[in-house]
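**Student:** return atomic coordinates for the entry below.
(2 chains)
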2 protein chains.
Amino acid sequence: MTILVVGSVAYDDVATPTVQRERLLGGSATYFSCAAGFFAPARLVAVVGEDFEEEHFELLRRRNVDLEGLEVAEGKTFTYSCRYEADMNVRTTLSTELNVFADFHPRLPESYRDSDLVFLANIHPELQLEVLEQTHEPRLVACDTMNLWIETAFDSLRRLLRDVDVLMVNDEEAKMMTGERHLPRAARRVLEWGPSRLVVKRGEYGVVMFSGDGVFAAPAYPLEEIFDPTGAGDAFAGGFIGSLARQGSLDDAAFRLSVVYGSTLASFAVEDFSLNRLSRLTPGEIRERVCGFRDISTFHDPDLE
Amino acid sequence: MTILVVGSVAYDDVATPTVQRERLLGGSATYFSCAAGFFAPARLVAVVGEDFEEEHFELLRRRNVDLEGLEVAEGKTFTYSCRYEADMNVRTTLSTELNVFADFHPRLPESYRDSDLVFLANIHPELQLEVLEQTHEPRLVACDTMNLWIETAFDSLRRLLRDVDVLMVNDEEAKMMTGERHLPRAARRVLEWGPSRLVVKRGEYGVVMFSGDGVFAAPAYPLEEIFDPTGAGDAFAGGFIGSLARQGSLDDAAFRLSVVYGSTLASFAVEDFSLNRLSRLTPGEIRERVCGFRDISTFHDPDLE
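**Tutor:** A predicted model of the protein is given here:
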């Protein structure tokens, strides 16, 4: 199955409690497509400025990303600056310079319109809707969103969700969006709005997926050190959609395994700044960590066998 | 294997955002022993006042609790009052009347001293140490503690931990105790102090167990409604130790399955106030929910089979 992603490609300034780095390759669509590329080529629709560096085009190509839909516009690439607290779950946005992203309207090349699996990364719901208008009956539409759109564009978001199969958000967003403080109830609400699956990313607590088939929960991989949490959610989404593409199936078993592959890609993404870890990752390492996920979540009850 | 628990038996006043209840049967040792009783009789060492009601002695007996070590002292039973916020993870203690618990020093009946599995519920570490002095080479010692003892009796706690096999605490306590904000690092520290296993209770995020055998993570059971979180951690411990007793084994597989049984008992405990749900629970319901835990955490990768 073919994969399409629409989202941001950015340069990030990131400060963690111990290290500060500038002009790192970042952006939701970047993390997504590099993670998905381990499974199937990802078709990327995004915009960069004239300052986007050749080595970064090169990195994307090397990671199996199809760049036909990557527009180069006059001006500078979107720049994002943030700081992580000692508790790395807490991120403060320091600045957002939209630059070429300010007037961005996604335009799908003709060859992208028949994509099977579409991921709408976290951009304005109206732009996400514009993408769907240009697609021809995808087999699956997944999307992310954020507190800003829940607060300022909720009607558009609700309209979008009618055509979305899988909503992927974090704990807080799922609760905020539904006004339910208890996740299983929030999930039931979301599943009434359109999506048939809700995938909730919970950082160090792992991922939980709700659907009519029941609940599946995967723990986070217990890393001793987290260098940079930026992009973890998008790397998750890339591994998740990539794994679905490789399996060529959309049944519950395929979704469960895809949650594990998504968690695996996310766990690698945070082991270094920017795309550094993903750019040197190997399929063997991915497989080994998926085995690790099985080890940490398996138990046997002789009475149930 | 035989089970011994030392802790509190109390009357609780509990207020949730929707309901307020007074003089509910509560206490760490109460929840523990009623949960453990589904697997093996629990020997209870605690103290109550003359006001402790006959129906509550009766409930404990019916739930397989050995009451030889339950002292009835002059005065009133320990009383605890708390309020839960709309986010039920947040509990405020309103009052603590120690009453007969103020001068409590655990005294083990002779027949209890050879117990195989000892659980030291959350009481002052010096009292926990007094219990260990009265035991004859238990096969396993597990203990709980709380922020109060970490702040005011850390030296005693560290001394205790040298003789403890399994430390069972919540996320915040594990981090506070070690000064590490990242749980896998906190776990490594605790395992250097004496315990061979650290079991971390994370409420709605489940449980994670660290040991030299690796990591095991179990999700929380996705309940739509939580009536009263009081006692969940102690019901977990009771199911955990009870399951070890029934399996008669202390290998890693036995511990993993025991985490699931502990999580199962905890998930029932919160479905009603006080011991109400545990008092009407059946072995068939326990088994069914353990199957449910397997369903929510199982995935298959054809490439790894």
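
**Student:** drop to CA atoms for contacts and neighbour counts, all remaining ones
**Tutor:** OK.

**Student:** lowest average confidence, helix or strand, in chain A?
**Tutor:** When each helix and strand of chain A is scored by mean pLDDT, DSSP states H and E, strand A:91-97 comes last, with a mean of 92.

**Student:** what's that one packed up against?
**Tutor:** strand A:79-84 (3 or more C-alpha pairs under 8 Å, 6 or more residues apart in numbering or on different chains; DSSP states H and E).

**Student:** what pairs with the strand it packs on, and is each one parallel or antiparallel?
**Tutor:** In the sheet, strand A:79-84 lines up against strand A:10-15 (parallel), strand A:91-97 (antiparallel) (DSSP bridges).

**Student:** deepest of those strands, which one?
**Tutor:** Highest mean neighbour count among these (mean count of other C-alpha atoms under 10 Å in any protein chain shown): strand A:10-15, with a mean of 22.

**Student:** neighbouring contacts of that strand?
**Tutor:** For strand A:10-15, contacts defined as C-alpha atoms under 8 Å, 6 or more residues apart in numbering or on different chains pick out A:20-27, A:48, A:77-84.

**Student:** drop anything exposed from the residues you listed.
**Tutor:** A:24-27, A:48, A:77-84 (16 or more other C-alpha atoms under 10 Å in any protein chain shown).

**Student:** which one of these sits closest to chain B?
**Tutor:** residue A:84 (13.4 Å; C-alpha to the nearest C-alpha).

**Student:** bridged to that closest one, which residues?
**Tutor:** residue A:91.

**Student:** how about the contacts made by it?
**Tutor:** Per C-alpha under 8 Å, 6+ apart, neighbours of residue A:84: A:14, A:15, A:16, A:17, A:90, A:91, A:92.

**Student:** give me the pLDDT for it.
**Tutor:** If you check residue A:84, the pLDDT there is 93.

**Student:** got it, and residue A:302?
**Tutor:** 86.

**Student:** state the number of residues packed around it.
**Tutor:** Applying other C-alpha atoms under 10 Å in any protein chain shown, we find 8 residues neighbouring residue A:302.

**Student:** up against chain B, what does the stretch 151-300 of chain A have?
**Tutor:** A:181-182, A:184-185, A:205, A:214-219, A:222-225, A:253, A:256-257, A:291, A:294-300 (C-alpha under 8 Å from any C-alpha of the partner chain).

**Student:** quick check: phi and psi on residue A:227?
**Tutor:** Backbone torsions of residue A:227, given as degrees, to the nearest 10, read phi -80, psi -40.

**Student:** that one and chain B: what is the separation?
**Tutor:** According to C-alpha to the nearest C-alpha, to the nearest Å, residue A:227 and chain B sit 12 Å apart.

**Student:** with residue A:43 instead?
**Tutor:** Residue A:43 is 26 Å from chain B, by C-alpha to the nearest C-alpha.

**Student:** check residue A:240 too.
**Tutor:** For residue A:240, the distance to chain B - C-alpha to the nearest C-alpha - is 14 Å.

**Student:** show me what contacts that residue?
**Tutor:** A:36, A:255, A:258, A:259, A:260, A:261, A:262, A:263.

**Student:** save the residues you listed as a markdown table, and put in secondary structure too.
**Tutor:** Supplementary listing: those in a markdown table, determined by DSSP: H, G, I helix; E, B strand; the rest coil:
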| residue | secondary structure |
| --- | --- |
| A:36 | helix |
| A:255 | helix |
| A:258 | helix |
| A:259 | helix |
| A:260 | helix |
| A:261 | helix |
| A:262 | helix |
| A:263 | helix |
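
**Student:** and those, which is closest to chain B?
**Tutor:** Proximity of the contacts of residue A:240 to chain B (C-alpha to the nearest C-alpha) peaks at residue A:260, which lies at 8.2 Å.

**Student:** and the closest one, how many neighbours?
**Tutor:** Neighbour number of residue A:260 under other C-alpha under 10 Å is 30.

**Student:** ok, now which ones touch it?
**Tutor:** Neighbouring residues of residue A:260 by C-alpha under 8 Å, 6+ apart: A:218, A:240, A:290, A:293.

**Student:** then residue A:63?
**Tutor:** Contacts of residue A:63 by C-alpha under 8 Å, 6+ apart are A:34, A:37, A:38, A:279.

**Student:** the same query, at a cut-off of 6 Å, please.
**Tutor:** A:34, A:37 (C-alpha atoms under 6 Å, 6 or more residues apart in numbering or on different chains).

**Student:** how about residue A:185?
**Tutor:** Residue A:185 neighbours (C-alpha under 6 Å, 6+ apart): residue B:224.
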